[in-house]
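Asker: only geometry, no sequence info:
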């Protein structure tokens with residue numbers, strides 16, 4: 001774990017701690033970072049699904065009919 005010194009908006013920190021049930025500042029920052037990473041990872045998956053359309057074959061009636069045989 002790395003120790004850093006960073007300026008943080010006091011109102012944002014207080015609100016984050018409140019939302020997390022009175023968490024410590026360290027816990028609030030770690031939760032926020034974890035949340036950001038999860039959200040970006042989920043967005044990457046959604047972007048991939050949109051860009052590649054991996055389920056396109058399931059919409060093709062001919063392919064579906066052949067798969068049932």
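Answerer: Arrived safely. Predicted, not measured: the structure shown is a model, and the values here were computed from it.
Asker: For the rest of this, base every contact and every neighbour count on C-alpha atoms.
Answerer: OK.
Asker: Please point out which parts of the host helix or strand of residue 40 sit buried.
Answerer: Following DSSP states H and E, one finds residue 40 within helix 25-52. For helix 25-52, a neighbour-count test (16 or more other CA atoms under 10 Å) marks 28-29, 31 as buried.
Asker: Looking at that helix now, give me its mean pLDDT.
Answerer: Averaging pLDDT along helix 25-52 gives 96.
Asker: roughly how far is that helix from the heart of the chain?
Answerer: The chain centroid and the centroid of helix 25-52 are separated by 3 Å under CA atoms, centre = their mean, to the nearest Å.
Asker: Show me what it is packed against.
Answerer: helix 10-19 (3 or more CA pairs under 8 Å, 6 or more residues apart in numbering; DSSP states H and E).
Asker: now the helix it packs on against helix 25-52, angle please.
Answerer: 90 degrees (axes from the mean of the first three to the mean of the last three CA atoms, to 10 degrees).
Asker: Which strands and helices lie in contact with helix 10-19?
Answerer: Short answer (3+ CA pairs under 8 Å, 6+ apart): helix 10-19 packs on helix 25-52.
Asker: Is residue 3 in a helix, a strand, or coil?
Answerer: Counting by DSSP: H, G, I helix; E, B strand; the rest coil, the backbone at residue 3 sits in coil.
Asker: Spatially central, which residue of the protein would that be?
Answerer: Residue closest to the average C-alpha location in the chain (CA atoms, centre = their mean): residue 39, at 1.7 Å.
Asker: what residues are up against the residue in the chain sticking out farthest from the centre?
Answerer: No residue in the chain sits farther from the centre than residue 69, which is 39.6 Å out by CA atoms, centre = their mean. Residues near residue 69 by CA atoms under 8 Å, 6 or more residues apart in numbering: none.
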